[in-house]
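Asker: return atomic coordinates for the entry below.
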Amino acid sequence: MEQLIEAFGRFHPVLVHLPIGFIILLITVEILKLLKLFRMESASTATLWFIAFLSAALSSVAGYFLSKEGGYELASLTKHQNQGIALTIICLVAFLSKWDYLTGKIGFNSILYVPAILAAGIMVTITGHNGGNLTHGESYLVEKLPAPLRSMLGFSEAGLPQKTVKKEIKDYNEAVVYQDIVKPILEEKCLSCHNPKKMKGDLRMDTPDLLLKGGEHGEILVAGKSDESEMIKRMLLPESSDEHMPPKGKPQATADEMEILKWWIDNGHDFSKKTKELKVTPQITTLFKINSNAASERAVEIAQVSYPEEKEILKKNVPEITEDFNKKVKETGGVISKISKESNLIDITFFSKPGLTDQEFTALGKLPENIIWLNLGNTKTGTETIKTLTALPNLTRLHLEKTALKPESVTELLKLKKIEYLNLNGNPLAEADLKKILSIKTLKSLYVFDTGIPDEKIEELRGQFKNVSIQSGPTKKQIEDFLKIEKKKINDDVYAKKK
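Answerer: Residues are numbered from 1 along each chain as shown. The predicted structure follows:
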């Protein structure tokens, strides 16, 4: 029974439009009647008012059930509920004042009609406005208006949400990670549902303390473990899921933003540290600039990495991807983001679908020429998927770390036309296959950490293929040297304490 009540409450946003529609229709009819442009029998008018009353009553009941889910500021919620009840009563009065049976019995009820219809018009406007405020925030209707017009309507700048201004970060080392990078993402993607006036799931995300506190399901951040953090889990769910955040229809976090949020959590989700105080990868450094107001300068950022093929491709004009392909990728668990605001070239990542198989990927059908970056890392894709990628004319970066790469997959990799960045970390590779891959003329960066190839052999290949940056992680000797230093530090600390 409780589940049915909750399900009925979810129909409030649908039901609420019925009384609004009927009241507007009836007011319009009365105006047309005054102008002698339309006629309607009293009985028909009464019938429409009765339907308006019933739909307002149903909407009020559904709204009450919906409110039990929590997440709304109490004073605003109570005001909206009272207004909804008042509107229902006004619709009932309007019906009774037009009901012929009652008119025949008491006669004077009709004098209530004009006050009732005027009250209905005023109350439906106020109730609808406050309902919208509960859903979207108090400044939703006016925050995009020009400042002079807002002032004329009586709305002050102080009443608008004070969002963190996205600024171009000139020195990323000095950027305060939460304030300058993370907070603007949360404000854009999360705050519309988790603010002082609307607290879905009893969760507020407008201050660090409340963000750490979590909501009705507990904490949403687990320091050092983004994959166990509820916030990330919800954001990675398919958009069709009821638990996915942000909800369907709201602005969604891009793949780049997700990587930044995960990186911040993995580094302990500190609220005061600067970038230089955290462990930063080259990929994250690039993403910082993409998600500031300098997003339009992404081409410049990429050019600095010295990928000539990519630089030329960024100048291309390609048509937008089809809605059908976009839908297929989302349903498969992928995330699509544009490479920049001015370009239709796209980056696709499947970090939320680690179980992705060749069969699922190839089911996407013909891949569009828009794909310039593709992240299949940590999936179960292999040779059949790579075969489909060979037809892509603009693919320059490909993540295949910890996938189902086989020796026969290498043959297909050699057919990639414009590939400049290739990540094969965590895939067993033969030395002969690695040599073949390094012979790809366009290749500029290759990641081969944990591939089973000896450090000395990789060092030898670096000398042979100087045009390719080969990244293989720390060597065994470097790890041994580091452990020796750490052991000495521990011994020194113990000695110091004894003294």
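Asker: sketch out the low-pLDDT regions of the stretch 151-300 of the chain for me.
Answerer: 151-170, 239-240, 282-283, 285-300 (pLDDT under 70).
Asker: where along it do the helices fall?
Answerer: Assigned by DSSP state H, counting those that start in this stretch, the stretch 151-300 of the chain shows helices spanning 183-189, 208-213, 230-236, 255-266, 282-290, 298-303.
Asker: same for the fourth one, what does it pack against?
Answerer: Using 3 or more Cβ pairs under 8 Å, 6 or more residues apart in numbering; DSSP states H and E as the contact criterion, the secondary-structure elements in contact with helix 255-266 are helix 183-189, helix 230-236, helix 282-290, strand 335-338, strand 346-349. Placement of C-beta: from N, CA and C, glycine included.
Asker: please identify the most buried of the ones you listed.
Answerer: Greatest average neighbour count among the helices and strands packed on helix 255-266 goes to strand 346-349 (a mean of 22), per mean count of other Cβ atoms under 10 Å.
Asker: who touches whichever helix or strand comes after it?
Answerer: The helix or strand immediately downstream of strand 346-349 is helix 358-362, counting by DSSP states H and E. By Cβ atoms under 8 Å, 6 or more residues apart in numbering, the surrounding residues in contact with helix 358-362 are 332, 353, 376, 380-385, 388, 404.
Asker: Asp206: which of the residues you listed is nearest?
Answerer: Lys353 (31.3 Å; Cβ to Cβ).
Asker: against Arg39, how distant is the closest one?
Answerer: Distance, Lys353 to Arg39, using Cβ to Cβ, to the nearest Å: 62 Å.
Asker: more crowded one of those two?
Answerer: Lys353 (20 against 9; other Cβ atoms under 10 Å).
Asker: ok, and the closest non-adjacent residue to that one?
Answerer: Nearest non-adjacent residue to Lys353, counting by Cβ to Cβ, 6 or more residues apart in numbering: Gly333, 2.9 Å away.
Asker: the one you found: how many residues sit nearby?
Answerer: Residues near Gly333, counting by other Cβ under 10 Å: 20.
Asker: that one: what's it in contact with?
Answerer: So Gly333 contacts 238, 350, 352-353, 356 (Cβ under 8 Å, 6+ apart).
Asker: filter the residues you listed down to the buried ones.
Answerer: 350, 352-353, 356 (16 or more other Cβ atoms under 10 Å).
Asker: how about the strands in this structure?
Answerer: 335-338, 346-349, 371-375, 397-399, 421-423, 445-447, 469-471 (DSSP state E).
Asker: what does the first one contact?
Answerer: Looking back up the chat, that one is strand 335-338. 252, 254-256, 258, 321, 326, 329-330, 344-352.
Asker: now the longest one
Answerer: For strand 371-375, the external contacting residues (Cβ under 8 Å, 6+ apart) are 255, 310, 313-314, 339, 345-351, 389, 392, 394-399.
Asker: apply 6 Å and report the result again.
Answerer: 339, 345-349, 392, 394-399 (Cβ atoms under 6 Å, 6 or more residues apart in numbering).
Asker: including pLDDT and distance to Ser472, could those residues go into TSV?
Answerer: Putting those into TSV (pLDDT from 0 to 100; distance: Cβ to Cβ, whole Å) gives the following:
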residue	pLDDT	distance to Ser472
Ile339	81	28
Leu345	93	30
Ile346	92	30
Asp347	91	25
Ile348	93	26
Thr349	90	23
Leu392	95	27
Asn394	95	28
Leu395	96	23
Thr396	94	21
Arg397	93	18
Leu398	95	18
His399	93	16
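Asker: of those residues, closest to Lys198?
Answerer: Closest to Lys198, out of all of these and judged by Cβ to Cβ, is Thr349, at 30.2 Å.
Asker: quick check: bridge partners of the residue lying closest to the closest one once chain neighbours are set aside?
Answerer: Excluding the flanking residues, the one nearest Thr349 by Cβ to Cβ, 6+ apart is Asn375, at 3.7 Å. Bridge pairing for Asn375 (DSSP bridges) gives the partners Thr349, His399.
Asker: and for Asn375, the neighbour number?
Answerer: 21.
Asker: kindly report the same for Phe95.
Answerer: Other residues close to Phe95 by other Cβ under 10 Å number 22.
Asker: for the residue nearest to it when sequence neighbours are not counted, what are its contacts?
Answerer: Once flanking residues are discounted, Phe95 sits nearest to Trp49: 3.9 Å by Cβ to Cβ, 6+ apart. By Cβ under 6 Å, 6+ apart, the contact set of Trp49 is 94-95, 98.
Asker: how about a cut-off of 7 Å?
Answerer: For Trp49, the contact set (Cβ atoms under 7 Å, 6 or more residues apart in numbering) comprises 26, 91, 94-95, 98.
Asker: of the residues you listed - the most surrounded one?
Answerer: Cys91 (29 neighbours).
Asker: my guess is that one contacts Ala56, does it?
Answerer: Yes - contact criterion Cβ atoms under 7 Å: Cys91 and Ala56 qualify, at 5.1 Å.
Asker: mind listing the shared neighbours of the two?
Answerer: Common neighbours of Cys91 and Ala56 (Cβ under 7 Å, 6+ apart) are Pro19.
Asker: how close does Trp263 get to Ile284?
Answerer: In terms of Cβ to Cβ, Trp263 sits 5 Å off from Ile284.
Asker: before we move on, what about Leu211?
Answerer: 21 Å.
Asker: one more: Gly121?
Answerer: Where Ile284 is concerned, Gly121 sits at a distance of 55 Å (Cβ to Cβ).
Asker: quick revisit: any chance of the contacts of strand 371-375 in JSON lines, plus distance to Leu278?
Answerer: Formatted as JSON lines, these follow (distance: Cβ to Cβ, whole Å):
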{"residue": "Ile339", "distance to Leu278": "26"}
{"residue": "Leu345", "distance to Leu278": "30"}
{"residue": "Ile346", "distance to Leu278": "29"}
{"residue": "Asp347", "distance to Leu278": "24"}
{"residue": "Ile348", "distance to Leu278": "27"}
{"residue": "Thr349", "distance to Leu278": "22"}
{"residue": "Leu392", "distance to Leu278": "35"}
{"residue": "Asn394", "distance to Leu278": "33"}
{"residue": "Leu395", "distance to Leu278": "31"}
{"residue": "Thr396", "distance to Leu278": "28"}
{"residue": "Arg397", "distance to Leu278": "24"}
{"residue": "Leu398", "distance to Leu278": "27"}
{"residue": "His399", "distance to Leu278": "22"}
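Asker: what's the closest of the residues you listed to Ala75?
Answerer: Thr349 (42.4 Å).
Asker: residues in contact with that closest one?
Answerer: Applying Cβ under 7 Å, 6+ apart, we find Thr349 in contact with 255, 334-335, 375.
Asker: by pLDDT, give me the weakest of the residues you listed.
Answerer: pLDDT across those is lowest for Ala255, at 73.
Asker: how near is it to Thr349?
Answerer: Ala255 sits 4 Å away from Thr349, going by Cβ to Cβ.
Asker: and for Ser110?
Answerer: Relative to Thr349, and taking Cβ to Cβ, Ser110 is found at 66 Å.
Asker: next one: Thr127
Answerer: For Thr127, the distance to Thr349 equals 43 Å [Cβ to Cβ].
Asker: can you check Gly382 too?
Answerer: Distance, Gly382 to Thr349, using Cβ to Cβ: 18 Å.
Asker: cool, Ile260 as well?
Answerer: Ile260 is 13 Å from Thr349, by Cβ to Cβ.
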